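[1] Take a look and give me a structure for this.
(2 chains)
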Amino acid sequence: MRTKTFVVLFTSSLMLIGFIWGFANYTSLQKNGKLKDLYKEPVTTKKEVVNHDSLSLDDFSRKGIAVYEEPAPKLISQKQNSKNVAKEIKEETEELNFSSFSRAPLRLKKVAIPIIAVDTTVLVETINIDSAVSLVDTLIKMNK
Amino acid sequence: MIAFKQKFPLLKVIAIALFFWFPIVFCSLLIVVNTLPYFNFNQQFSFIVERAVLFLQPAYKASFYIHIGAGMFCVVAALSQFSNFILKRYKKLHIYMGRVYVFVVLFLAAPTGLYMSFFAKGSNAEKLLFMFMAISWFVFTLKGLTTILNKRLIPHKAYMVRSYSMALTAVTFRIYYIILHVIGVPELQNYELSLWISVLGNILIAETIIYSQNKKYSFTF
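    A predicted model of the protein is given here:
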């Protein structure tokens, strides 16, 4: 077989394998629901519980953060000027309640999960147990 | 414009070097330098952290490291290929580096890129764009190879310019991304916008270069 024909056939086969393998992996991961957490910061359940008793909710509000006791209310912020963003936030919150939220330690739920940054773009990007807890932690340290 | 070019050939060379090749060489080498740390296989890079689910898959992990490793070789190998000086004086270097580039693209970078495109960040449109990039990169490079094997120099040159334009999306994407970041475009929109601008922009620039260098554009296919 000529070299040119071999290169064309072999590399085209590699591309085909790449496509089929990618498609197969993608569909199987999607079926298992594993792609749901893609491009989000990883959520871990092991985290030190933060005591926020020393701060009132107003203290958080002054820092631009709203803290809610569970269950988290339906969060469609008054500051939203886009319906789509508001919808995203609602979905994100519900998702946390039913998946990440239920995996967290009980005492953590109260403090960490329903923290919503007033700036909605920040919310969509950062909300998860880890970042929420560390956010509260930082704020408590700042206020001490 | 033609009269200007004829009057000031040196100025044209300096302008092309300064505004075209210098940023390309600088950013290409920067990409290589920034890619090297990934090979300590540390998982703390933000690129890996946000794809943590995917990096649990051996196929994705392997594809990623093959793709970025191949990409480094490809970017470096391609830098020398468009120099008339090297082509005339050191033809063997051109041939050798060309073989490296073609091997790396066809056997490693394009197939792994196509595999990874299914998991690309962004919407389905961005996934399709990544697929288009991988496939067109592969096709242009393969055509560049087959045309030179048939001793058809004009289409070879044109297809390698097209191929390089696809390889350079990695560089131009980062340039647009930084510019849009400075302007204050939110991250995800910035990512998607930079991607589209870099791919479509590179295709447009490549075709403009090919068109301007060939009297009959149809001969370049």
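[2] Could you list the low-pLDDT ranges of the chain?
    Defaulting to chain A. A:1, A:37, A:40-144 (pLDDT under 70).
[3] wrong chain, I was asking about chain B
    Short version for chain B, where the test is pLDDT under 70: B:1-8, B:44.
[4] So which residues on it come close to chain A?
    For chain B, the residues in contact with chain A (C-beta under 8 Å from any C-beta of the partner chain) are B:49-54, B:57, B:59-60, B:106-107, B:110-119, B:121, B:134-135, B:138, B:142, B:145-146, B:149, B:186-187. Using the backbone N, CA and C atoms, a C-beta is placed for each residue, glycine as well.
[5] hmm, try it at 7 Å
    Residues of chain B lying close to chain A by C-beta under 7 Å from any C-beta of the partner chain are B:49-54, B:57, B:59, B:106-107, B:110-112, B:114-115, B:117-119, B:121, B:138, B:142, B:145-146, B:149, B:186-187.
[6] center of chain B, which residue is that?
    residue B:167 (1.4 Å; C-alpha atoms, centre = their mean).
[7] what sits against that residue?
    By C-beta atoms under 7 Å, 6 or more residues apart in numbering or on different chains, the residues touching residue B:167 are B:74, B:75, B:78, B:137.
[8] Assign the third one to helix, strand or coil.
    In the three-state summary, residue B:78 is assigned as helix, counting by DSSP: H, G, I helix; E, B strand; the rest coil.
[9] from the middle of its chain, how far away would the helix or strand hosting residue B:158 be?
    Following DSSP states H and E, one finds residue B:158 within helix B:153-167. Distance of helix B:153-167 from its chain centroid, counting by C-alpha atoms, centre = their mean, to the nearest Å, is 11 Å.
[10] got the contact list for stretch B:183-199?
    With contact meaning C-beta under 7 Å, 6+ apart, stretch B:183-199 is reached by A:121, A:125, B:121-122, B:126, B:129, B:133, B:169, B:172-173, B:176-177, B:180-181.
[11] mind running it again at 6 Å?
    A:121, B:122, B:126, B:129, B:169, B:172, B:173, B:176, B:177, B:180, B:181 (C-beta atoms under 6 Å, 6 or more residues apart in numbering or on different chains).
[12] ok so, going back, which of the residues of chain B next to chain A are buried?
    Neighbour counting with 16 or more other C-beta atoms under 10 Å in any protein chain shown marks B:50-51, B:53-54, B:57, B:106-107, B:110-112, B:114-115, B:117-119, B:121, B:138, B:142, B:145-146 as buried within the residues of chain B next to chain A.
[13] Which ones among the residues you listed map onto helices?
    Of these, the ones assigned to helices by DSSP state H are B:53, B:54, B:110, B:111, B:112, B:114, B:115, B:117, B:138, B:142, B:145, B:146.
[14] Among those, which one lies nearest to residue B:93?
    residue B:145 (17.6 Å; C-beta to C-beta).
[15] and the longest helix along chain A, what other elements does it pack with?
    Identified as the longest helix of chain A according to DSSP H is helix A:3-31. Using 3 or more C-beta pairs under 6 Å, 6 or more residues apart in numbering or on different chains; DSSP states H and E, the elements in contact with helix A:3-31 are helix B:110-117.
[16] For the helix it packs on, give me every contacting residue.
    By C-beta under 6 Å, 6+ apart, the list of residues contacting helix B:110-117 from outside reads A:14-15, A:18-19, A:21-22, B:63, B:66-67, B:127, B:130-131, B:134, B:137-138.
[17] picking that back up, can I get the contacts of residue B:167 in a markdown table with neighbour count and distance to residue B:15?
    A markdown table is the format used below for the contacts of residue B:167 (neighbours: other C-beta atoms under 10 Å in any protein chain shown; distance: C-beta to C-beta, whole Å):
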| residue | neighbour count | distance to residue B:15 |
| --- | --- | --- |
| B:74 | 27 | 27 |
| B:75 | 25 | 23 |
| B:78 | 22 | 22 |
| B:137 | 24 | 29 |
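[18] Farthest-apart pair in the residues you listed, please.
    For those, the farthest-apart pair by C-beta to C-beta is B:75 and B:137; their separation is 12.6 Å.
[19] For residue B:129, give its distance to residue B:66.
    Residue B:129 sits at a distance of 21 Å from residue B:66 (criterion: C-beta to C-beta, to the nearest Å).
[20] ugh, typo on my part, it should be residue B:154
    Using C-beta to C-beta, we find residue B:154 at a distance of 33 Å from residue B:66.
[21] Give me every residue in chain A lying close to chain B.
    A:4, A:11, A:14-15, A:18-19, A:21-22, A:26, A:34, A:37-39, A:42, A:121 (C-beta under 6 Å from any C-beta of the partner chain).
[22] related to what we said a few turns ago, ok, so of the contacts of stretch B:183-199, who is nearest residue B:83?
    Using C-beta to C-beta, residue B:172 is the member of the contacts of stretch B:183-199 that sits closest to residue B:83, with 20.2 Å.
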